[in-house]
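Enquirer: generate a structure from the sequence data that follows.
(2 chains)
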Amino acid sequence: MRAVLTLCALLVLVADGANAEPLTDADEIVARANLASYYAGADGRSEVRMIISDAQGRQQRRQFTVLRRNVEAGGDQQFLVVFSQPSDVRNTTFLVHKHVDGDDDRWLYLPGLDLVKRISAGDKRTSFVGAHYFYEDVSGRRPADDSHELLETTDEHYVLRHIPLDRQTVEFSSYVTWIDRETLLPMKIEYTNPAGKLYRRVEVLEVADFDGHPTVTISRVSDLLGGGQTDMQFRYIKYDTGLPEQVFTERSLRNPPRDWLQRPRSGT
Amino acid sequence: MKQAVIRLATGRPRLVYSAILAATLVTAALMLRIDIDTDPENMLSADQPDRVFHNHVEEQFTLHDALVVGVVNSSHPEGIYNMRSLAAIHSLSSAILQLDGVIGPDLMSLAVSDNITQEGPGTIRFEWLMRDAPANESQALEIQAAVERLPLLLDTLVSGDGKAAAIYVPIASKDLSYPLSLEIRALADALDAEDDFHITGLPVAEDTFGHDMFVQMGISAPLAGLMIFILMLYFFRSVPLVVAPMLVAMATVIISMGLLIGLGFTVHIMSSMIPIFLMPIAVVDSVHIMSEFADRYRPKDDAKAVLAEVVEHLFTPMLFTSLTSAVGFLSLLLTPIPPVQIFGVFVALGILLAFGLTIVLIPAYVVRMRPASLQKLAARTDTPRPETPLARALRQVGSFAIHRGKLVASLAVLVVAVSVAGIYQIQINDNPMRWFKANHPIRVADAVLNEHFAGTYDAFVVLTHQDSTALPEFRQASTAMLDDIAEPHRTTVAQFIDADATEIGSYYGNLIAAVDDAMFDAADTATQDALASLLELAEASQLAAKYFQRPEVLREIENLQQVLVESGEVGKTNALPDVVKVVNRELRGGADSEYRIPNTELAVAQTLLQYQSSHRPQDLWHMVTPDYTATAIWLQLRSGDNQDMTRVIEALDRHLAAQPLPAGLQLQWAGKTYINVVWQDAMVNGMLMSLLGAFAAVFLMMTALFRSLRLGLLAMVPLSITILGVYGIIGWIGKDYDMPIAVLSSLTLGLSVDFAIHFIERTRALLRGTGSFESALTQVFEEPARAIARNAIVIAIGFTPLFFAPLIPYITVGAFMAAIMALSGVTTLILLPALMALAGPWLFPDLRKRGVFDAPPAAAPATGLKEIST
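Expert: So this is what the prediction gives:
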């Protein structure tokens, strides 16, 4: 398993440079897209600003810093999410140990209640702090959870359809992704509900290169039925900062690792 | 003018026929554009403040009209908490979600509810309450245990006794309620379930009413027409004589309704009754002409000449009765309720149209009659009429009235006194649900669900916080800080300080983001420091603006919720504090003692952040706006009666008088049940204005018609007593004063004055002719009294088909129409002669001089009194 993943990571590097022969294996495309989207570098940090708009255009904002560390490429990962805005949720912190096999471990710290809780989630398709993004959109859906089919290879994209293996755990019946052939980043994902209606779209609005990694800097998820949307802006991105494992322990919940959360002076 | 019309009608009957036929066909064609409107909201004009606010609230909190589907299991010991019932709820919910017009994300059902539970020490679990139907009975009981810990679900989605569950189905448009209710009914019937399924909710009641009303319009009006036809045939025993008035009635109804629809007005419950109101009124005038023509026409007479004579003779009283009836209905314009106004105008229009049609169509009809028919008509009137029971009874009534004037007058005073006492007991109340009979599936559903649940009727108390000084103060303070900020940041930040702040949440959010960005880019420390201070100020102001996040404010809401529930009419309230308390309890370990509002606004904010991390984050915005400046308390009421809603409002008002809200906090009502109260208040006050206005106008017209103030007053007596009597009855029998009852007042006025006009006019003519009170009154109680009695009977019985209508307002109108006719007929025929006997010389000063009243009425024949009293 590990060997395969390493090979995949290697292939990503190869594909990065030149416009190679188009890939034809759906599973391989998905595996590489997963790496490109969620595993860039050995670790990374980014500041996220979310603008959540409802159908009437009323906005809420959230701002938080994400620290990420890959336990292994394409495998387990650790995340620390610390909120800075709005000020009434400042220092609310999530710690996630993402497991490829088995349920994730999640912790929550609420400074206003001075409370650390473990969270056991029934599924990963709950809203992430009120946004139109799901928890799963933020941490990444396991490629093994769906069956993948390559529908089409256009000049720019691989177009794939994904069907969930366990329909009971998700609210969609299928989704289609448009994966950039060059960066292997999914540029658009459209979800269809069991009634056969297109109801949700995730799209990438801007990509920039950081430390050699093509990185999404603006993305948007739209509720096509209800009419709201959430924009996510990623800034102050850095890879391979050398984040140590102890940053991702329960200790960091009450005592956020200030040094690592500090905004890098040379970022954008 | 009159003669020109007659000449035209009798000279060019074909032209008259084809013109009326053309008008009828064109307007009938316009009816195809019919647009039914059953939304009680439209009882208020579009710019009425309560309606505007209600709509604003619906948008502000994304509230939708909802059908309520009830699932009841009274046989299983655990109620609906059993595998099969829950499976039924689960599959029904999924099927409903697939229906077009259903707003899926806002559907409320056990199948799409979130749950928050304890999973071992220090761990909480977020998951769907019932993602799949339970696989065994113990899973079903687990769901019960969970629901009982979720106050927002208990008594809303499952009844407290566990016997019933509800699915709230929000819909995109009110007029989808009826078709969707049918689809849901079909889905429920197809389920393999032992539960009873009920569908209710105000939208479905209203839309179903619209559907039934449409059917009713097609049945009741023709049935009333048929009934009137049969009755007239009984009285006049001549088909041609009766066909003519029916033609007038049909043309009147079709043209009036066609015009109403053609002019783009919607057919509301009020306007749907126009045909039924116009039918009998339209018949009356033509009956007068035909009747008198039949009396006068002798074989070999020139029909045209006789007609001209008849019309000449009847024109003025007919014009006046039509005008007074029209005025009665036009007075509805004084009621500030658009459907009532439209109803009044078009009935008035119809009455005048009926008058016009009578004047041209009847003469045209008569000259087109075959000579044989005319001969038969003449022959019929030639043969002396057999003594009918009606004729005999009327004579005795007349005799009794003029000889026992004082007794009659005293009885009238007694009736007035009893009626006034009854009027004081009138209960003003309405509820669209009560427009259905008690055994209608919707009424049954309503009764069953409101017995189990906290209530299926919605109302909202909306609290809005406005702080007019906070923003200007912030802008002033923050602008002052700009001095220390270097360009380009200064200009950028200044733009955000001056930006539009309608959405205060977005305003501070945008500004803070801009300051945050500037802080990162700023080169010098002075700018950095100034920006940091500005950020601090903006964050403090942002937090202060989130008024409904403050613990003390949430406790104030809790307090209001308690007052509302204690009013006794509210089954349950749902509001922001309930959410905060549940999440707080589960975050703090799940003990009941933690079911409380946390002490700081930061804790509240973080609690709500957790609530938003659910499958249904949008649910929060049904209770509070995203900027936390307005919040809505959802009230579930078991009854949609206006009286009950009013009691809740009054209970809250009393509380607020004793404990006023904090400064800057504004409280307003919204919701369908509340809106019904608003329009009903407008209706009651408006109807009083209408009645007074019509009363004054009719009085002036009577005075002008009789050229006598005293006779004008006399003419007002029967209708006054009728109105008092009818409303007295309503008070005594405890029938709620609702929309149809309110409208009847103007109808009473318009119709009962007709009888008085005819009676007084004929009596005066006979007094002048005979010169003797005794003989004039005796003659009045022959043909004139019979005409009045027949008209009263025809109209009263003509409305009886309405008794068989499935919709209560139609039955009410039918019943009270009969009562009005009976009362005004009786008062006209008994009280007027009695008053004339008592006050004749005062009423007719000109006749007194001629000695008309010199001979006192002879003593009453003993038999007459006896027969009447038995």
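Enquirer: now the helices: where do they sit in the stretch 201-350 of chain B?
Expert: Secondary structure of the stretch 201-350 of chain B (DSSP state H, counting those that start in this stretch): helices located at B:202-236, B:239-262, B:274-296, B:303-330, B:338-368.
Enquirer: which residues sit in contact with the closest residue to residue B:227 other than its chain neighbours?
Expert: In space, residue B:227 comes closest to residue B:798 once its chain neighbours are excluded; the distance is 5.0 Å by Cβ to Cβ, 6 or more residues apart in numbering or on different chains. For glycine as for every other residue, the C-beta is placed from the backbone atoms N, C-alpha and C. Counting by Cβ atoms under 8 Å, 6 or more residues apart in numbering or on different chains, residue B:798 makes contact with B:224, B:227-228, B:231, B:279-280, B:283.
Enquirer: which intervals of chain A have sub-threshold pLDDT?
Expert: A:1-20, A:265-268 (pLDDT under 70).
Enquirer: returning to that earlier point: of the helices of the stretch 201-350 of chain B, which is nearest residue A:165?
Expert: helix B:202-236 (40.4 Å; Cβ to Cβ).
Enquirer: quick check: the residue of chain B nearest chain A.
Expert: Nearest to chain A, among the residues of chain B, is residue B:127, at 2.4 Å (Cβ to the nearest Cβ).
Enquirer: so that residue belongs to a strand, correct?
Expert: Yes: counting by DSSP: H, G, I helix; E, B strand; the rest coil, residue B:127 is part of a strand.
Enquirer: got the contact list for residue 199?
Expert: Chain wasn't specified; assuming chain A. Residue A:199 touches A:172, A:191-193, A:223-225, counting by Cβ under 8 Å, 6+ apart.
Enquirer: chain B was what I was after
Expert: With contact taken as Cβ under 8 Å, 6+ apart, residue B:199 is in contact with B:67-70, B:181, B:184-185, B:441-442, B:445.
Enquirer: middle-most residue in the chain, spatially?
Expert: Assuming you mean chain A. Nearest residue to the geometric centre of chain A (Cα atoms, centre = their mean): residue A:138, 3.4 Å.
Enquirer: chain B is the one I meant
Expert: Against the mean C-alpha coordinate of chain B, by Cα atoms, centre = their mean, the closest residue is residue B:739 at 5.2 Å.
Enquirer: state the distance from that residue to residue B:405.
Expert: Distance of residue B:739 to residue B:405, computed by Cβ to Cβ, to the nearest Å: 40 Å.
Enquirer: and if you look at residue B:273?
Expert: Per Cβ to Cβ, residue B:273 is found 39 Å from residue B:405.
Enquirer: ok, residue B:615 next?
Expert: 81 Å.
Enquirer: quick one, what contacts the one residue in the stretch 1-150 of chain A that gets nearest to chain B?
Expert: Of all residues in the stretch 1-150 of chain A, residue A:122 sits closest to chain B, at 2.4 Å by Cβ to the nearest Cβ. Applying Cβ under 8 Å, 6+ apart, we find residue A:122 in contact with B:125-128, B:131.
Enquirer: of those residues - the most surrounded one?
Expert: The most crowded member of those, judged by other Cβ atoms under 10 Å in any protein chain shown, is residue B:126 (22 neighbours).
Enquirer: all strands of the stretch 1-150 of chain A, in order?
Expert: Taking DSSP state E, counting those that start in this stretch, the strands of the stretch 1-150 of chain A run over residues A:43-53, A:59-70, A:77-85, A:93-98, A:105-110, A:115-121, A:146-153.
Enquirer: how about these in TSV, adding mean neighbour count?
Expert: Formatted as TSV, these follow (neighbours: other Cβ atoms under 10 Å in any protein chain shown):
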stretch	mean neighbour count
strand A:43-53	22
strand A:59-70	21
strand A:77-85	22
strand A:93-98	21
strand A:105-110	20
strand A:115-121	18
strand A:146-153	16
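Enquirer: sorry, back to before: which of the helices of the stretch 201-350 of chain B sits closest to residue A:22?
Expert: So among the helices of the stretch 201-350 of chain B, helix B:202-236 is nearest, using Cβ to Cβ, at 54.6 Å.
Enquirer: dump the strands of the stretch 1-150 of chain A to CSV, plus distance to residue B:216.
Expert: Formatted as CSV, these follow (distance: least, Cβ to Cβ, whole Å):
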stretch, distance to residue B:216
strand A:43-53, 47
strand A:59-70, 50
strand A:77-85, 60
strand A:93-98, 61
strand A:105-110, 60
strand A:115-121, 55
strand A:146-153, 56
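Enquirer: tell me which of these lies nearest to residue B:372.
Expert: Once these are compared by Cβ to Cβ, strand A:43-53 is nearest, at 83.3 Å.
Enquirer: check whether the closest one contacts chain B.
Expert: Yes: Strand A:43-53 comes into contact with chain B (Cβ under 8 Å from any Cβ of the partner chain), by way of A:49, A:51.
Enquirer: hmm, who's touching that strand?
Expert: Contacts of strand A:43-53 (Cβ under 8 Å, 6+ apart): A:59-70, A:85, A:129-133, A:228-243, A:260, A:263-264, B:509, B:513.
Enquirer: and that strand, which strands flank it?
Expert: Taking DSSP bridges as the criterion, strand A:43-53 forms sheet pairs with strand A:59-70 (antiparallel), strand A:229-239 (antiparallel).
Enquirer: thinking again about what came up before, who's more crowded, residue B:615 and residue B:405?
Expert: residue B:615 (23 against 20).
Enquirer: among the contacts of residue A:199, which are in strands?
Expert: A:191-192, A:223 (DSSP state E).
Enquirer: quick check: bridge partners of residue A:229?
Expert: As for beta bridges, residue A:229 partners with residue A:53, residue A:222 under DSSP bridges.
Enquirer: any idea how many residues pack against it?
Expert: Look at residue A:229: counted by other Cβ under 10 Å, it has 19 neighbours.
Enquirer: flag every buried residue along the helix or strand where residue B:451 lies.
Expert: Residue B:451 is part of helix B:441-452 when elements are defined by DSSP states H and E. Neighbour-count burial for helix B:441-452 flags B:442-443, B:445-446, B:448-450, B:452 (criterion: 16 or more other Cβ atoms under 10 Å in any protein chain shown).
Enquirer: likewise for stretch A:176-187?
Expert: Buried residues in stretch A:176-187, defined by neighbour count with 16+ other Cβ under 10 Å: A:176-181, A:183-187.
Enquirer: same check, this time on stretch B:360-370
Expert: Quick answer for stretch B:360-370 (16+ other Cβ under 10 Å): B:360-367, B:369.
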